[in-house]
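>>> I would like the atomic coordinates for the input below:
(one chain, ligands or ions: 1)
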Amino acid sequence: MRRRSVLAAGAAGAAALLAGGTSAEAAPLAKTAAQAASAGDAPWTSASLRDLAARIGLRVGSALIPQDIETPSYAAIAGSQFSVVTPGNAMKWQIVEPARGSYDWSQADQLVSFAHANNQLIRGHTLIWHNQLPAWLTAGVANGTITSAQLMELAHQHITTEVTRYRGKIWQWDVCNEFFTDANPSGIDQANWWIVNAGPDIIPNAFTWAHEADPNALLFYNDYNIGGEDGSNAKFTAVYTYLRQLRSQGVPVHGVGIQGHLDTQYGWSPARLRQDIEQYAGLGLKVAITEADVRTFVNNATDQVPTDSLSQFAQPFEYSEMLKAALAVPECISFTVWGFTDSDSWVPGVFAGEGYAGIYDVNQQPKAAYYALQSDLALAAHGAPRRVRTYTPRS
Ligand code: 9MR
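You can find the predicted model right below:
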């Protein structure tokens, strides 16, 4: 018993360190750790990610697609481990308005129902992006039958229709997605389909229209390579500067989504990620890790066994470091993985020879990365700062 208490106190101290807290912050919680330990077996080893994260008010999510939740074993994990759902594709313009003026909400509705049935919040994804646009829209713009002014008005209608339909049901909306270049210096991509065809006002307009349609939703700008992946931090700097400007102009942007698509073959700085999250928070923004995954080279796309044994350590390590950076900053309110199994990951289809990016394997069994996140969250309950309060949607 005595030994357990000592261990528990040690865990609280470690949690304070991993979460960047002080031992003074952790002290009141050390008692809780000791109590938990003296109650018997450590309960966190069987606790879900969502329950562990809830202890500090963090939401843990996954992207989902409707086909996957039709498999009962998959749906059971999706419903029990996560407290937020991001429709991976179902809310994109191409899916919801396949023919002009003709809407198909079936996939989005299915995921919204799933989330409600499992007491989960929803990250709406994504309203304005250059990919997965309906063919009628891109063709009309290309052949000149849709003018720049008409495109802006169609975007207005699209946002108003979709955000109004799910008003009160969406916690965070990814309003604008991937507008910045990966160059140094970075900036808004002048070749971006929206910038070319509608002009740069599309970004502030989109936030304004979304806010008018659902004043309670948290509105996010979402992008990749803005959380420690880019050694120069140029893209972070450009996005930070732009969001600061939007905020100063009174544009209703409330958060920034750091996608977090990592690859073990590239350098990445968790310390920089934490600083970047802190800087965004300093603008008064909430932060979300929105699409976390860590890919590596694998034997084949079916089995997805890493070809380098070191990757089996690097992959969970990078997940863990990403989560710990998020845990350190209370304005970081959610941590979402972009699909949780290796078999539903986008990675093998896009990056030749890579995979193993998820936290569950191809047989829906938890991997080392799952256990790393689970233990980090268990420790966080004894030292990481509680998340700032955010709006909880009406049910
Ligand atoms: O996971 C999505 C995949 O099924 C689609 O084919 C792909 C199309 O580009 O989009 C994927 O999701 C993307 C997300 O919407 C935005 N950030 C990058 C994600 C991976 O491509």
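>>> and the stretch 101-250 of the chain, which residues reach the ligand?
126, 131-132, 177 (Cβ under 6 Å from any ligand atom). From N, CA and C alone the C-beta is placed, and that goes for glycine too.
>>> need the residues you listed in a markdown table with secondary structure, neighbour count and distance to residue 100, can you?
Listed next are those as a markdown table, based on DSSP: H, G, I helix; E, B strand; the rest coil; neighbours: other Cβ atoms under 10 Å; distance: Cβ to Cβ, whole Å:
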| residue | secondary structure | neighbour count | distance to residue 100 |
| --- | --- | --- | --- |
| 126 | strand | 24 | 20 |
| 131 | coil | 11 | 19 |
| 132 | coil | 12 | 16 |
| 177 | strand | 22 | 22 |
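>>> between the residues you listed, which is closest to the ligand?
Checking those against the ligand by Cβ to the nearest ligand atom gives residue 131 as the nearest, at 4.4 Å.
>>> How about the contacts made by the closest one?
Shown in contact with residue 131 (Cβ atoms under 8 Å, 6 or more residues apart in numbering): 92, 178.
>>> Quick one: residues in contact with the one helix or strand residue 373 maps to.
Residue 373 belongs to helix 368-380 when assigned by DSSP states H and E. The contact list for helix 368-380, computed with Cβ under 8 Å, 6+ apart, reads 11, 14-15, 18-19, 42, 44-45, 47, 49, 52-53, 55-56, 58, 60, 294, 312-313, 315-317, 319-320, 323-324, 327, 358-360.
>>> Mark which of those are buried, thanks.
11, 15, 18-19, 42, 44, 47, 49, 52-53, 55-56, 58, 60, 294, 312, 315-317, 319-320, 323-324, 327, 358-360 (16 or more other Cβ atoms under 10 Å).
>>> how much space between residue 350 and residue 367?
Residue 350 sits 20 Å away from residue 367 when distances are taken as Cβ to Cβ, to the nearest Å.
>>> The two: which has the busier surroundings?
residue 367 (19 against 10; other Cβ atoms under 10 Å).
>>> so that one touches residue 316, yeah?
Yes: contact criterion Cβ atoms under 8 Å: residue 367 and residue 316 qualify, at 7.1 Å.
>>> The closest residue to the ligand within the stretch 251-395 of the chain and residue 84: what is the separation?
Relative to the ligand, the nearest point of the stretch 251-395 of the chain is residue 346 (4.1 Å; Cβ to the nearest ligand atom). Using Cβ to Cβ, residue 346 is found at 19 Å from residue 84.
>>> Neighbour count: the two, which is higher?
It is residue 84, of residue 346 and residue 84, that has more neighbours when counted by other Cβ under 10 Å, with 25 against 17.
>>> what sits against that one?
59-62, 115, 120-123, 171, 334, 336.
>>> What count of nearby residues applies to residue 278?
So residue 278, with other Cβ under 10 Å, has 16 neighbours.
>>> meant to ask about residue 270, not that
For residue 270, using other Cβ under 10 Å, the count is 18.
>>> Which secondary structure state does the closest residue in space to it that isn't next to it in sequence sit in?
Leaving aside its sequence neighbours, residue 270 sits nearest to residue 321 (Cβ to Cβ, 6 or more residues apart in numbering; 3.8 Å). Assigned with DSSP: H, G, I helix; E, B strand; the rest coil, residue 321 falls in the helix class.
>>> Next one, pLDDT for residue 321 please.
At residue 321, the pLDDT value in this model is 98.
>>> Then residue 26?
Confidence score, pLDDT, at residue 26: 34.
>>> Check residue 381 too.
88.
>>> got a list of contacts for stretch 306-325?
Applying Cβ under 8 Å, 6+ apart, the set of residues contacting stretch 306-325 is 18-19, 227-228, 260, 262, 264, 268, 270-271, 273-274, 277, 289, 292, 294, 296-299, 335, 356-357, 359, 367-369, 371-373, 376-377.
>>> can we see that at 7 Å?
Contacts of stretch 306-325 with the rest of the structure, by Cβ atoms under 7 Å, 6 or more residues apart in numbering, involve 18, 260, 262, 264, 268, 270, 273-274, 277, 289, 292, 294, 296-299, 335, 356, 359, 368-369, 372-373, 376.
>>> mind showing which ranges of the stretch 1-150 of the chain have poor pLDDT?
Within the stretch 1-150 of the chain, the stretches with pLDDT under 70 are 1-42.
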